[in-house]
Structure formats: structure tokens, C-alpha cells
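Peer 1: Model the structure of this input:
(one chain, ligands or ions: 1)
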Amino acid sequence: MRDNGKYTDTVFADKEFDKKFLYNGKDLGARCEGESTTFKVWSPLAESIKLRLYRDNDSEVCLESELRPEDKGVWKTVFPENLHGMYYDYLVRNGGVEMSTADPYAVGCGCNGSRSMVVDLRRTDPPGFESDAAPEMQAEQIIYELHIKDFSYDLRSGVPEEYRGKYKAFTVGRTNGEFPTCMEYLKELGVTHVHLLPFFDYGSVDEAGDGGQFNWGYDPLNFNVPEGSYATDTRDGMVRIRECKEMIQAFHDNGIRVVMDVVYNHTYRKDSWFQRMVPGYYYRHKEDGSLSNGSACGNDIAAGRAMVDNFIADSVMYWAKEYHLDGFRFDLMGLLTVELMNRIRRELDAEFGEGEKLMYGEPWGADNSPMETGVRAALKENVRYLDEGVGIFCDDTRDLIKGHVFYEEEPGIVNGGSGLEEQLLHAVTGWCDGETYFSPKSCAQIINYVSAHDNFTLWDKLVMSMHGEADFAKRYEDVLAANKLAAFTYFTCQGKLFLQAGEEFGRTKSGEGNSYCSSPEINMLRWDRTVEYGELVDYYKGLIRLRKKMPGLCDKSPLAVKRITERQVLGEGVVSFQVDNRSESGDGDWEELFIIYNAASGNCDVELPAGRWEILADGRETDCRRAVAETEKRICVDAHSGMMLGRCRCVRQGEPG
Ligand code: CA
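Peer 2: Residues are numbered from 1 along each chain as shown. Okay, the predicted model is just below:
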């Protein structure tokens, strides 16, 4: 049973253990209500647990209290006073070894997160937060992936110095004075959701250190506490909570929903609060007893164990309720389980209404991980078992359009790839035409994208694949055209849409493919580029507006695939298809769409289907309306560009006009 004071994995892998110690209460952690404060932790094999209280983050212990064991492995102590604002940790004895640990269930913590904080959460609400609500769900989900520090680190953001790189930057109104930046810019862009890279408390940035540090934040320390380095005061644990809420409120006030990037697949270090509280329970092990490493970060959380699943599901619900978040993106979801993802979906739907909160994730791991028995990994190949409301990043569409993410020279269809036409015609249905190796239930499960924080920016990938060793600061017209065609392509595929911040202004990281701990200067959004590449920004803006108007492309039902007809390969690099664009309500200006991708290097003359058509987008302009003369039977699509035409309702074929 025991090995050097630790329990071996076989104890925990035994389902009897979970049965015996399963605790479904939602009250773990520290709670102060009125004149009392209750501390509860789950540690079924502990021999003793002592609470230590501190007046602040750095002072000596001021009070101690032994916890008493209750049922189901829960330990508890109650104080007859409201301890809001006090800091605390535990001394836990397991297998004769005593360890100090912060509270895995803490909702507040001090600088660098090693002391937990007792928080009366109502006292952390900014003014008006109780009436804060998400803006209404729009016809389409267009998700913008953003890192909190990237957003406002650039001086040209115009954000005041003390707010640059912080939660507070999102609360600043008109900022730069010359052209829209930050929130003003996002509002004009028209995205419906902002997806923020991890902002629960992570370990890789010293919160007491200087502001020039940078990390993406995929290294969780305290899962239910916001990161401190984004707060204006890292020492008072209240500030990070309040300012994080202010940020979310500011998004809502500006009509944008907020998705949180959550990393439940591993912890920053294997010596985590989990490990100190219940040694061995929270991690997967290989047969030889060593930790599995499907995350490539040194450890894998053992999703599939009852109290691990409870922790993750409760944590998601906590963020949704307490912080009013509108969606969750699961890092390396393939290391979590189908059962857990579906459970979270059900719980979110029951609490907030069906589909109200977005859920999607990476349907892969970095490596294999030994799953618990009786569960399915939430991998792409298992997408058919996932609830329709759980989406997956679609790497097939991504790689098809711009080429492989790791091999910079390998092209996709927009940058010189060949033989991809048939695949592209599957992609337009969100891979729902039953002709692929994975089987989404509907395109609601598909997140279409061509760039994210991982790997090269789209601009850098295109520059490298089209120009080899190149000058990333240079303006390449052919890259610009390829970028537009890439955007046009995924914006006209069924499914949800996702873009990395700055994709729409040719964001470059100078060819750096993994900037997770590079300087903020490499990572930050350079706002001047929104003007320099204003033409590209406008192109995206038009695509966003256009997409929202198209019921045929926005349809997420399992029947949406039937709207796609007349799929044709017209030549090398050239395909076309039609979309039944009628809506249930019968409104909308175009009953049918005709979409052509011309990735070839020559212009293409395409036969128009019958009817009266308008050009709605081409390689230069998006969301335009240019009538095609009724006598025209053909249309010219420029090289390296896409075209969308709409057939006007008034002249529907076969119906009296
Ligand atoms: Ca931190």
C-alpha cells in the first residue's frame, strides 16, 4: 500500500476507493458567512490536518486550529468569526510525512499563490456586477484568441502605464487618440467572443518581479483564483479578483462574450497542492510507477477519478457563476475524458440554459496518457461520443488551408499546396458529409481556424512558406493575398470560427513558433499595424459582418450539411459550391450562395448558375453588393482569391417573380 510514505497508484485506481470517499458537497475550501468561517478540505488518507492563519501574505502564523475528520475523507474546522481577508494554509500529515500546502479549493490567494486567502466574494464585486449579464448570443460564434498582456503592452495601445498588460486595460475607453485600439478596436471588429489565454493563477511569472516577464500561462497553480501578475496590486489578494471581474464586465458592456482558456490536464509542478493534500491521487502513473506525461509538462491530472472530475466540473461551474464567464476552452482536452466533458456540458446547460456557455477544446494530447479504465479520452476520433455542444479545434481545416503547423515550408492550398481540392470540399461542410475519418455530430462541434497562439502566426507561416528565409517586417503583396484567401476560406466553411488576435493585421512574431516565454515585445499586439494593414483588417471586418448575415453558413444543426450542394473541382486549386441560404423565418436577402476558391495562379472564368447574382465578396472587398448583369453567364475570379455571390430572393428559379 505504501511506498516511502506515499500510497501507490493501485489504491487510487481501485474504483472502491472512489466509491468509499466520493464527496459531492460543493463546500470545500474556506467560506465565511455572517459571523462564522468554515474550512473544509478533502484528504481521505491524512493522519492529521492543521490550519494556520495569517494576517497577511508575509506575516507569522497568528492562529492555528486542528481540523477534524468527517465522512468521506472530508476534514473541517469552524471559526465563530468572519475571517474575510485573512490568509491561510495547512499542515497535512500523510504516511507520517507532514507537508505545508495551500488550499487546492481556495478562491483567493496572496502574492505568488502559496498562501490561500479567506474571501467574502461579495466584497470583491465591482459596482454593478450583480446586474452584469452577457450580451445576447449572436447568429454566429466568432472567437478572438487573446493574451491579456499582449493586448495592451504596446505603448501605442494608448493605455495608461499603470494598466498596461493588466486586467484594467480592458476597462479603458477610447485610448490612443489617433485610431481605435484595444476595446474600441475589438468592438469595431465585430467578433462575438474573446477567448483569453489562461488567467487562473499560474506559476511561471514571479508576481513580485518586474513587469517585463511574460508567459502564456499554461502552468496552473491555483485553479480557482485569477492570476496575480495581471492585477495592479499583487499583494492584496482581493485586487486580482475584483479587477478580473471588471475586465469581464467591460467586455460585456461592449457587447462581447468572454471565453476562459482552462488547463485542467496538468499542474505547474508535480509538487502541487493536490500532491501535498492527497499524495498520488490526482496524477496518472505509468505501470512502472512513474508519472505519465501526455501533457509534455511533466505530469497528467488523472481525469476519470471521481474527486478529480468533481474538482474540474466544480471549478468550471465556479468560474461561470462567480465571474460570469461565457465559455471554456479546454487545453489538451484529449487528456480529459468524454464522460467528464459531457457532464460539464450538462451541468452548464442545466444552470444557464442549453448552449448558453461555449465549450470546446484541443482534441489531442501532447503524448499518450494511460487513461482510467472505463473512460474514453476526449480525442478527435471520439468526437461522435462528445455532446454536440462540445467543440473541437479542427486541425484538418487549418492544415489544409495553410499547411502543416510544424514544417514551415509545407504549404496548404492558399500558399501553393496541390491535390487538396477534394479535401477542401469536405472541409466546407465542417467535415460533416460522412466522408472523413472522424465523425462530428454536426458542424456545431467544429472550430474552424488557421492560427492560434501555438505555432507560427498566419503571417509568419505564409511568409516562410512563400519566401523562405525572409524579412518579416516587409510587406509582401502575395502574402497579403494568401492571408485574405485563407480567411475567406474558413469564414465560408460551416462550423464555428476562431482567430488568433492580430491575424487580421498580419501579426508577426518574427518567425518565432513557440513564444510561450519570449519577451512581451515579441508577443504583444503592435497597434500601428492595424493601420499599416488596415486593408486586411477591413477585409476581416467585412467577412465577420457577412458571415453573421448568412443563415446557410451559420446553421449548426445536423441538417446543415444538406445546405451544401454542387460541390465541384473546377481545376487545379479551384473549387466551387453552393449553399442553401434560406432561413426559417424566410427573411434575408439571398436564398442561395455561390462560393468559389481560386488558389491557382491564374484568373478563373466560372460559369454562373441560373438566376440573378450579386457579388458579396471577392479578393479585394468583403460585404459588398455588386450586381452581376443578368446577361452574364460567367464570372471571372481573380488568381489567389475567393468570391462569394448571392442569388437574390426575388427571382428564385421556378417561382413567379
Ligand atoms: Ca501566479
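Peer 1: what sits up against stretch 400-413?
Peer 2: Applying C-beta atoms under 8 Å, 6 or more residues apart in numbering, the external contacts of stretch 400-413 come out as 395, 398-399, 414-415, 417, 420-421, 423-424, 427, 450-451, 454-456, 458, 461-462, 464-466, 468, 486, 489-490, 511, 513, 573, 597, 599. For the C-beta atoms, the positions are set from N, CA and C on the backbone; glycine is no exception.
Peer 1: Mind checking which of these land in helices?
Peer 2: With DSSP state H as the criterion, helices contain 395, 398-399, 421, 423-424, 427, 458, 461-462, 464-466, 486, 489-490 from among the contacts of stretch 400-413.
Peer 1: can you name the two of those that are farthest apart?
Peer 2: Glu421 and Met464 (23.7 Å; C-beta to C-beta).
Peer 1: Tell me which of these two has more neighbours.
Peer 2: Met464 (22 against 19; other C-beta atoms under 10 Å).
Peer 1: Would you agree the more buried one is in contact with Ala470?
Peer 2: Yes: Met464 lies in contact with Ala470 (C-beta atoms under 8 Å); the separation is 6.6 Å.
Peer 1: Now which of the contacts of stretch 400-413 would you call buried?
Peer 2: 395, 398-399, 414-415, 417, 420-421, 423-424, 427, 450-451, 455-456, 458, 461-462, 464-466, 486, 489-490, 511, 573, 597, 599 (16 or more other C-beta atoms under 10 Å).
Peer 1: contacts with the ion among the residues you listed, please.
Peer 2: Counting by C-beta under 5 Å from the ion, nothing from those sits close to the ion.
Peer 1: residues in this protein within reach of the ion, list them.
Peer 2: Asp201, Glu227, Gly228.
Peer 1: Would you reformat the residues you listed as TSV and include secondary structure?
Peer 2: Listed next are the residues of the chain next to the ion as TSV, based on DSSP: H, G, I helix; E, B strand; the rest coil:
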residue	secondary structure
Asp201	strand
Glu227	coil
Gly228	coil
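Peer 1: How many neighbouring residues does Glu322 have?
Peer 2: 16.
Peer 1: Spatially nearest residue to it (excluding sequence neighbours)?
Peer 2: Leu121 (6.2 Å; C-beta to C-beta, 6 or more residues apart in numbering).
Peer 1: Can you name the residues that contact that neighbour?
Peer 2: Counted by C-beta under 8 Å, 6+ apart, Leu121 has contacts Val107, Ile241, Glu322.
Peer 1: Same question for Lys270.
Peer 2: Shown in contact with Lys270 (C-beta under 8 Å, 6+ apart): Tyr283, Leu291, Gly298, Asn299.
Peer 1: For His285, see how far away it is.
Peer 2: 11 Å (C-beta to C-beta, to the nearest Å).
Peer 1: Common neighbours of those two, please.
Peer 2: Joint contacts of Lys270 and His285 (C-beta under 8 Å, 6+ apart) are Leu291.
Peer 1: Any stretches of the stretch 501-650 of the chain with poor pLDDT?
Peer 2: 650 (pLDDT under 70).
Peer 1: Val92 sits in which helix or strand?
Peer 2: strand 87-94 (DSSP states H and E).
Peer 1: Which secondary structure elements does that strand sit against?
Peer 2: strand 48-54, strand 97-101, strand 116-117, helix 273-277 (3 or more C-beta pairs under 8 Å, 6 or more residues apart in numbering; DSSP states H and E).
Peer 1: Any chance you could list what contacts it?
Peer 2: In contact with strand 87-94 (C-beta under 8 Å, 6+ apart) are residues 5-6, 30, 39, 41, 43, 45-57, 67, 98-103, 109-110, 114-118, 237, 276-279.
Peer 1: from the chain's centre, how far out does that strand sit?
Peer 2: Mean C-alpha position of strand 87-94 versus that of the full chain (C-alpha atoms, centre = their mean, to the nearest Å) differs by 33 Å.
Peer 1: so what strands line up beside that strand?
Peer 2: Note on strand 87-94: by DSSP bridges, its sheet partners are strand 48-54 (antiparallel), strand 97-101 (antiparallel), strand 116-117 (antiparallel).
Peer 1: what's the most buried one of these?
Peer 2: Mean neighbour count (mean count of other C-beta atoms under 10 Å) peaks for strand 116-117 among the strands paired with strand 87-94, with a mean of 30.
Peer 1: Tell me which helix or strand comes right after it.
Peer 2: Following strand 116-117 toward the C-terminus (DSSP H and E): strand 142-146.
Peer 1: Just the CA atoms of that following strand, as CSV, please.
Peer 2: What follows is strand 142-146 as a C-alpha-only set of coordinates in CSV (Å, rounded to 0.1, in the frame of the first residue of the first chain):
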residue,chain,number,x,y,z
ILE,A,142,-16.7,34.3,-33.9
ILE,A,143,-14.0,33.8,-31.3
TYR,A,144,-10.9,36.0,-30.9
GLU,A,145,-8.0,34.5,-29.1
LEU,A,146,-6.1,37.0,-26.9
